[in-house]
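Colleague: sharing a model that was predicted from the sequence below.
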Amino acid sequence: MKKLIVITALALVAGAAFNTAEAAKKKKNVTTEAPVEAPVALATSSDSVSYAAGISVTNGLIPYLTQQGVDTAYMADFIRGFKELVNCGDNPKLKAYAAGMEIANQVNGRMLPGISKEFNDSPDSIIATLFYRGFTDALTADTTHFTLAVAEEYFKQKQAADKLAKDEKLYGPNREAGKKFLEENAKKDSVITTPSGLQYKVLVQGEGEVPQLTDKVLVHYEGRLIDGTVFDASKRHGDKPSSFRPDQVIRGWTEALTMMPVGSKWQLYIPQELAYGERNSGQIKPYSTLIFDVELVGIDKPQPKVEVTESKTATKDKKKGSKK
């Protein structure tokens, strides 16, 4: 753990000192030569252990730097930056510069790509040059266009509006297909529609107990999209029925399970509002209407503890037996 902390610290120094703009302009097959240094003299035990410690903490650093996009052909530049920073003492100017380089690495590597991806397929897009300008203007208290509070509120509102527009573009047809399916399905004589919008058809009517919200139920099931694609089934997880509480699943399941007597088998038609809604869950796209065949096998209730008490007669018999 200590070694990892040291390596990370060294990597931060690397990010701060490495000039990425200059490196990008150079040819990859050109290696900058390291400056010639005086031979190391290890006269004492402390000399040796210090030198060995310095070598030891670099274990894993080269692969880490490579993962961070540092071209090891320019290791001499890295070393030069490393030395400049470790020898700067309390120089606030150099420390601030190094911190700026490191934050730039984080912004370029994670923050900007993440925000840009979020706005893909939406009415707006993120322009890198203006993103950087907003970043630096905020740090110099330039409020020509926005204060921090106003910018945050504006961005939050646009983020939400663009997400709705993006979802409509990508998944609106999926939502509408589900609505149309449910409208047609509700017209069938065997289909029952509840006030919440849940639809179900009784395939087998059980005569057992109806589960409560916190009961652990045992069910066999198969889940399908409206195009017939099977996305999950209890048989994929073994021969035994799945076990869970009705309050641990999607709302459509919760409602159905707390109406079904044990021994029943129902086909459920669950609108997206009672399923996963805007969430993307594996094969289930946002706003998907789902179909489930659900068989309620039983309710798994804990057995009450039975305390065994011995009768007085049995106790007397034991005492008599112990004398023999």
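Modeller: That came in fine, so what should we check first?
Colleague: just how off-centre is stretch 71-89 within its chain?
Modeller: Taking C-alpha atoms, centre = their mean, to the nearest Å, the mean C-alpha location of stretch 71-89 is offset from the chain mean by 36 Å.
Colleague: that one: which residues count as buried?
Modeller: Across stretch 71-89, burial judged by 16 or more other C-beta atoms under 10 Å covers 71, 74-75, 77-82, 84-85. C-beta here means a position set from N, CA and C on the backbone, and glycine is covered the same way.
Colleague: repeat that for stretch 115-134.
Modeller: Of all the residues in stretch 115-134, those buried under the rule 16+ other C-beta under 10 Å are 119, 122.
Colleague: same check, this time on stretch 275-292
Modeller: 275-276, 284-292.
Colleague: re the thing from before, which of the buried residues of stretch 71-89 sits closest to residue 139?
Modeller: residue 85 (21.3 Å; C-beta to C-beta).
Colleague: so that closest one touches residue 96, yeah?
Modeller: No: taking contacts as C-beta atoms under 8 Å, residue 85 lies outside contact range of residue 96: 11.7 Å.
Colleague: what packs against the helix or strand residue 85 falls within?
Modeller: Using DSSP states H and E, residue 85 falls within helix 75-86. Counting contacts by 3 or more C-beta pairs under 8 Å, 6 or more residues apart in numbering; DSSP states H and E, helix 75-86 packs against helix 2-17, helix 92-106.
Colleague: give me the residues contacting stretch 238-257.
Modeller: Stretch 238-257 is contacted by residues 194, 196, 198, 200, 211-221, 234, 258, 266, 268, 270-271, 273-276, 290, 292, 294-298, 300 when judged by C-beta atoms under 8 Å, 6 or more residues apart in numbering.
Colleague: for stretch 174-186, which positions count as buried?
Modeller: For stretch 174-186, a neighbour-count test (16+ other C-beta under 10 Å) marks 174-175, 177-178, 181-182, 185 as buried.
Colleague: out of these, which are inside strands?
Modeller: Judged by DSSP state E, these include no members of strands.
Colleague: which members of those occur in helices, if any?
Modeller: The members of these that map onto helices under DSSP state H are 174-175, 177-178, 181-182, 185.
Colleague: quick one, what contacts residue 42?
Modeller: Residue 42 touches 48, 51, counting by C-beta under 8 Å, 6+ apart.
Colleague: ok, the one 5 residues further on next?
Modeller: Taking C-beta under 8 Å, 6+ apart, we find residue 47 in contact with residue 41.
Colleague: what secondary structure does it sit in?
Modeller: Under DSSP: H, G, I helix; E, B strand; the rest coil, residue 47 falls in the helix class.
Colleague: how long is stretch 127-146 from one end to the other?
Modeller: Stretch 127-146 has its terminal residues 17 Å apart, counting by C-alpha to C-alpha, to the nearest Å.
Colleague: averaged pLDDT, that stretch. What do you get?
Modeller: If you average the pLDDT over stretch 127-146, you get 95.
Colleague: what lies in contact with that stretch?
Modeller: The set of residues external to stretch 127-146 that reach it, using C-beta under 8 Å, 6+ apart, is 107, 112, 115-116, 148, 151, 154.
Colleague: same thing with stretch 190-210?
Modeller: 182, 185-186, 188, 251-252, 255-256, 258-271, 273-274, 293, 295-296, 298-299.
Colleague: what is the least confident helix or strand in the protein?
Modeller: When the helices and strands of the chain are compared on mean pLDDT, DSSP states H and E, helix 20-25 comes out lowest with a mean of 41.
Colleague: before we move on, the earlier item: tell me the two of the ones in helices among the buried residues of stretch 174-186 that are most distant?
Modeller: Pairwise over those, using C-beta to C-beta, the maximum falls at 174 and 185, 16.4 Å.
Colleague: hang on, the earlier thing: looking at the contacts of stretch 238-257, which are in strands?
Modeller: Counted as lying in strands by DSSP E, out of the contacts of stretch 238-257, are 200, 217-221, 266, 268, 270, 290, 292, 294-298.
Colleague: now pLDDT and distance to residue 91 too, for the buried residues of stretch 71-89, in TSV please.
Modeller: Formatted as TSV, the buried residues of stretch 71-89 follow (pLDDT from 0 to 100; distance: C-beta to C-beta, whole Å):
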residue	pLDDT	distance to residue 91
71	92	27
74	92	24
75	91	24
77	92	20
78	91	19
79	91	19
80	90	16
81	88	14
82	90	15
84	87	10
85	86	9
